[in-house]
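[1] sequence and predicted model, in that order:
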Amino acid sequence: MIQQDFLDTILMVDKPAGWTSFDVVKKIRLALKIKKIGHAGTLDPLATGLLLLCTGKETKQISKLQALPKTYTGQIVLGKTTPSMDLETAFDSVSSYSHIDTDMVAAAATFVGTIDQVPPIYSALKVQGRRAYAIARKGGIPNVMARPVVIHSFTLKEIAIPYISFELVCSKGTYVRSLAHDLGQKLGVGGYLHALSRTKIGSYSLDDAQSITALLEHARQMA
């Protein structure tokens, strides 16, 4: 019964930090006894927010959903870098940011339009048949190539150096970690992505999403 209630639909899940997108798919698949299920756009393990899960016939919509613009809110920290460009890995450089002011940050945050972006080496991109992060975690340097992405808007919501809070609207394939890294590079002090939440995928909103716990409890009550 649970399988039928949640078949051929799009589930909106608020992914918690520490879960991979595949972790969420696996949990829902096993709990709801759904064989055909997939997600429409990866979120990094440390990121939170909207994850769309398509079940049954709606899995045909995955490519269409992946192509929709994404909206994120997050926080960048200046003065430090990590190999993963977020907090997955340890800091590998520390720089003084005492000379950086609000105007300098605003002037550097010009990532709008079509840009060539280099994905993080700690990413799920495949390089010669292997995931880039698998190569990086074994000490290798995967050959990730720059590729075009579209930044629809990059709005600085609050600048309290070294912390920069932002809202970003971007295309499929954009790595927000790379954006944080690139902003730090432009300012000459380095930077990493400290926090990230996906708030929208097209017209789908995080406001309408359920936690995994709430979704499973709802399913239990319908059983």
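    That came in fine, so what should we check first? Numbering: from 1, shown residues only.
[2] domain-wise, how is the chain divided?
    For the chain, automatic domain parsing gives the domain ranges 2-67+202-222, 70-201.
[3] can I get those in a markdown table with mean pLDDT and mean neighbour count?
    Where you see a C-beta, it was placed from the backbone N, CA and C, and this is true even at glycine. As requested, the domains of the chain are exported to a markdown table (pLDDT from 0 to 100; neighbours: other Cβ atoms under 10 Å):
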| stretch | mean pLDDT | mean neighbour count |
| --- | --- | --- |
| domain 2-67+202-222 | 92 | 16 |
| domain 70-201 | 95 | 17 |
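[4] ok now stretch 49-60, how far from the chain's centre?
    From the chain centre to the centre of stretch 49-60 is a distance of 17 Å (Cα atoms, centre = their mean, to the nearest Å).
[5] with just CA atoms, put it into CSV.
    Backbone C-alpha positions of stretch 49-60 (Å, rounded to 0.1, in the frame of the first residue of the first chain) are rendered in CSV as follows:
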residue,chain,number,x,y,z
GLY,A,49,17.8,21.8,1.6
LEU,A,50,15.6,20.9,-1.2
LEU,A,51,16.1,17.5,-2.9
LEU,A,52,13.5,16.3,-5.4
LEU,A,53,12.9,12.5,-5.5
CYS,A,54,11.0,11.1,-8.5
THR,A,55,9.3,7.8,-8.3
GLY,A,56,7.8,5.4,-10.8
LYS,A,57,6.7,7.1,-14.1
GLU,A,58,7.9,10.4,-12.8
THR,A,59,11.5,9.3,-13.1
LYS,A,60,11.1,10.3,-16.7
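[6] which other residues reach it?
    Residues from elsewhere that reach stretch 49-60, judged by Cβ atoms under 8 Å, 6 or more residues apart in numbering: 6-15, 21, 24-25, 28, 34, 36-41, 43, 61-62, 65, 72, 196-201, 204-206, 209.
[7] this protein: helices as residue ranges?
    Using DSSP state H, the helices found in the chain span residues 2-5, 21-32, 62-66, 102-108, 132-137, 176-187, 212-222.
[8] mind putting those into TSV with distance to residue 126?
    Conversion of the helices of the chain to TSV gives the following (distance: least, Cβ to Cβ, whole Å):
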stretch	distance to residue 126
helix 2-5	32
helix 21-32	15
helix 62-66	16
helix 102-108	32
helix 132-137	7
helix 176-187	17
helix 212-222	28
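[9] how long is stretch 203-222 end to end?
    End-to-end distance for stretch 203-222, by Cα to Cα, to the nearest Å: 27 Å.
[10] going forward can the numbers begin at 44, since that is how I track them
    Noted, 44 is the first residue going forward, which turns the last one into stretch 246-265.
[11] contacts for it?
    Contacts for stretch 246-265 (Cβ under 8 Å, 6+ apart): 44-45, 48-49, 53-59, 62, 67, 70-71, 74-75, 92-95, 108, 111, 240-243.
[12] that one: how far from the chain's middle?
    On the basis of Cα atoms, centre = their mean, stretch 246-265 sits 20 Å off its chain's mean C-alpha point.
[13] stretch 149-164 too?
    Distance of stretch 149-164 from its chain centroid, counting by Cα atoms, centre = their mean, is 15 Å.
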